[in-house]
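In: Take this sequence and fold it.
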Amino acid sequence: MKVIAMIPARFEASRFPGKLMKDLAGKSVILRTYEAVKNSNLFEDVYVITDSDIIFNEIVTNNGKAIKSKKEHESGSDRIAEAIENLDVDIVINVQGDEPFTQTEPLSKLIEVFKEDKNEEIDITSLMIKMKDKNEINNPNNVKVVTNNQNFAMYFSRSPIPYPREKSKAVYYKHIGIYAFRKEALLKFTQLPINNLEAAEKLENLRFLANGLKVKMVETNHITIGIDTPEDLEKANAIFKNKKLL
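Out: Sure thing, here's the model as predicted:
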């Protein structure tokens, strides 16, 4: 089973323009993310997929691998699908470009799900982590997920789900935006139209569910910090400084 990682990376971002090229402890956010994924030693290849000359040059001049997109794309998954169409690969892991604290153990758990799926019934795997802080739960930047008894995703939302009728019984999971796809499932995804749910919440994972793709969620205890805002970048720099990861 050939497994690769791809990191979709746009220079423009509505909430934090140019965030992937911001300085994070002496290196750009995108380079930090690339190095974290590469250093996991889980993949036969790691690529950054981008429409930006700036990001492309950042990676290749630092001895990394990058691919320029040929088309405009609505989502990172669409961008990756274009890149892998003619590649000999079985599983591709999509790591967000603003996740510089990506760790080895959660990625290995996603790969392990496919190794154990002898009948190849699972299309996609992804990560989730429990949330307890009320502000985190109510923050629309934190995507929530609910699952069935086998940990297959039932719905993703920016709203707090489930609704806390009895607050003591509500359990919340934050979706971490790292996906592992079977190649065939990812190529199928790109042929599917955007549905009303995806358009409303601006969450491409709702397209998976609306079209019957099976998304297996894997719980992790590893806290990640995505760089969505300038405040997130400040927190990330503080973590690197305290751990002296320079």
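In: any weak-confidence spans in this structure?
Out: The chain contains residues with pLDDT under 70 at 14, 71, 73-74, 167-168, 244-246.
In: now the helices for this protein?
Out: Counting by DSSP state H, the segments of the chain that form helices are 29-38, 53-60, 76-84, 104-116, 134-138, 183-190, 196-201, 205-210, 230-243.
In: Quick one: these as TSV, columns for mean neighbour count and distance to Leu20 too.
Out: All C-beta atoms are positioned from the backbone trio N, CA, C, and that covers glycine. Shown next, in TSV, are those (neighbours: other C-beta atoms under 10 Å; distance: least, C-beta to C-beta, whole Å):
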stretch	mean neighbour count	distance to Leu20
helix 29-38	24	4
helix 53-60	18	6
helix 76-84	21	12
helix 104-116	16	20
helix 134-138	13	23
helix 183-190	18	22
helix 196-201	14	23
helix 205-210	21	21
helix 230-243	14	11
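In: of these, which approaches Lys19 most closely?
Out: With C-beta to C-beta as the criterion, Lys19 lies closest to helix 29-38 of the helices of the chain, at 6.2 Å.
In: For the closest one, name the packing helices and strands.
Out: Identification of packing neighbours for helix 29-38 by 3 or more C-beta pairs under 8 Å, 6 or more residues apart in numbering; DSSP states H and E yields strand 3-9, strand 46-50, helix 53-60.
In: Could you tell me the angle between that helix and helix 230-243?
Out: With axes from the mean of the first three to the mean of the last three C-alpha atoms, to 10 degrees applied, the angle from helix 29-38 to helix 230-243 works out at 50 degrees.
In: Kindly reformat the helices of the chain as CSV containing distance to Ala5.
Out: Output for those, formatted as CSV (distance: least, C-beta to C-beta, whole Å):
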stretch, distance to Ala5
helix 29-38, 5
helix 53-60, 13
helix 76-84, 10
helix 104-116, 8
helix 134-138, 27
helix 183-190, 13
helix 196-201, 24
helix 205-210, 18
helix 230-243, 20
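In: quick revisit: for Asn139, find the nearest of the helices and strands packed on helix 29-38.
Out: Nearest to Asn139, of all those, is strand 3-9, at 23.0 Å by C-beta to C-beta.
In: wait, Ile59 sits on Asp53?
Out: No - with contact defined as C-beta atoms under 8 Å, Ile59 does not reach Asp53; the gap is 11.1 Å.
In: got the buried residues for stretch 210-224?
Out: 213-218, 220, 224 (16 or more other C-beta atoms under 10 Å).
In: From the centre of this structure, give me the residue that's furthest out.
Out: Distance from the C-alpha centroid of the chain peaks at Glu166, with 31.5 Å (C-alpha atoms, centre = their mean).
In: Relative to Glu136, how far out is that residue?
Out: Distance, Glu166 to Glu136, by C-beta to C-beta, to the nearest Å: 20 Å.
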